[in-house]
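Engineer: Return a 3D structure for these sequence lines:
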Amino acid sequence: MQTLKIVVTGPFSSGKTEFIQSVSEIDVVSTEKKISSRAERIKEATTVAMDFGRITIDDELILYLFGTPGQRRFDFMWEILSEGMLGFVVMVDSTRPETFREAQRILDTFRAYSPVPYIVAANKQDMKDAWPPEDLRIVLKIEPGIKVVPCVARNRESVKQVLLELLYSILEVMDQSGE
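Structural biologist: Okay, the predicted model is just below:
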């Protein structure tokens with residue numbers, strides 16, 4: 001049995017907790033706290049340390065999913081959570097262009113932590129004002145070899161597709177390195 005640690009990161013309210021909750025086969029361990037600021041209009045609680053979920057891919061592979069806090073005041077957890085990761089997902093709320101700069105900053109930070117495969121999940125693709133993945137690729141300056149995948153975080157099949165795309169990228173790197 002092999003386990004892979006995957007980190008799910010992104011700006012505040014981009015869908016990280018919902019992403020993990022949609023696919024986890026265990027009750028998600030969550031460190032959410034009630035919000036009492038202007039951000040409350042967007043959502044009622046925020047992750048302060050991490051979210052943890054698990055999904056069994058097959059008899060030989062289990063993914064451990066670690067969701068990061070999205071607010072800068074909790075970013076000290078990012079490096080801790082990134083230790084030992086074999087890949088990461090950057091969640092982007094495709095309907096909130098005001099968060100794209102923060103998504104770029106988070107992406108750059110995680111790339112600096114570890115040179116592991118990653119993908120960008122263009123969340124909320126079911127909404128009419130969502131930016132298409134290819135437009136997000138341009139605005140976030142994502143290289144052509146990196147996948148920008150459409151996503152709806154509350155849809156289990158959509159989340160599974162994002163994780164499979166990341167898994168393919170991880171396996172490709174493992175094959176190239178002879179592991």
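Engineer: In the protein, spot the helix with the most residues.
Structural biologist: Among the segments of the chain that qualify as a helix by DSSP state H, the longest is helix 156-177.
Engineer: I'd like the average pLDDT over that one.
Structural biologist: Helix 156-177 shows a mean pLDDT of 92.
Engineer: swap in stretch 51-70?
Structural biologist: The average pLDDT for stretch 51-70 rounds to 91.
Engineer: Endpoint to endpoint, it covers what distance?
Structural biologist: 11 Å (C-alpha to C-alpha, to the nearest Å).
Engineer: Now that stretch: buried residues?
Structural biologist: For stretch 51-70, burial by neighbour count (16 or more other C-beta atoms under 10 Å) applies to 51-55, 63-70. All C-beta spots, glycine's among them, are computed from the backbone N, C-alpha and C.
Engineer: Stretch 112-124 too?
Structural biologist: The neighbour-count check on stretch 112-124 (16+ other C-beta under 10 Å) flags 114, 116-124 as buried.
Engineer: Tell me the one of the buried residues of stretch 51-70 nearest T9?
Structural biologist: Of all the buried residues of stretch 51-70, T9 sits closest to T68, with 4.3 Å by C-beta to C-beta.
Engineer: any idea how far that closest one is from V89?
Structural biologist: Using C-beta to C-beta, to the nearest Å, one obtains 10 Å as the distance from T68 to V89.
Engineer: Give me the residue ranges of this protein where confidence is low.
Structural biologist: 31-49, 178-179 (pLDDT under 70).
Engineer: which stretches of it form strands?
Structural biologist: Here the chain has its strands, by DSSP state E, at 2-9, 29-34, 45-58, 61-67, 87-93, 118-123, 148-150.
Engineer: Could you export these as JSON lines, including distance to Y168?
Structural biologist: Shown next, in JSON lines, are these (distance: least, C-beta to C-beta, whole Å):
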{"stretch": "strand 2-9", "distance to Y168": "12"}
{"stretch": "strand 29-34", "distance to Y168": "27"}
{"stretch": "strand 45-58", "distance to Y168": "12"}
{"stretch": "strand 61-67", "distance to Y168": "13"}
{"stretch": "strand 87-93", "distance to Y168": "10"}
{"stretch": "strand 118-123", "distance to Y168": "9"}
{"stretch": "strand 148-150", "distance to Y168": "11"}
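Engineer: between those, which one is nearest to R156?
Structural biologist: Set against R156 and scored by C-beta to C-beta, the strands of the chain come closest in strand 45-58, at 9.8 Å.
Engineer: Now the phi/psi pair for the residue lying closest to P97 once chain neighbours are set aside, please.
Structural biologist: Leaving aside its sequence neighbours, P97 sits nearest to W131 (C-beta to C-beta, 6 or more residues apart in numbering; 6.9 Å). Per-residue torsions, W131: phi -70, psi 140 (degrees, to the nearest 10).
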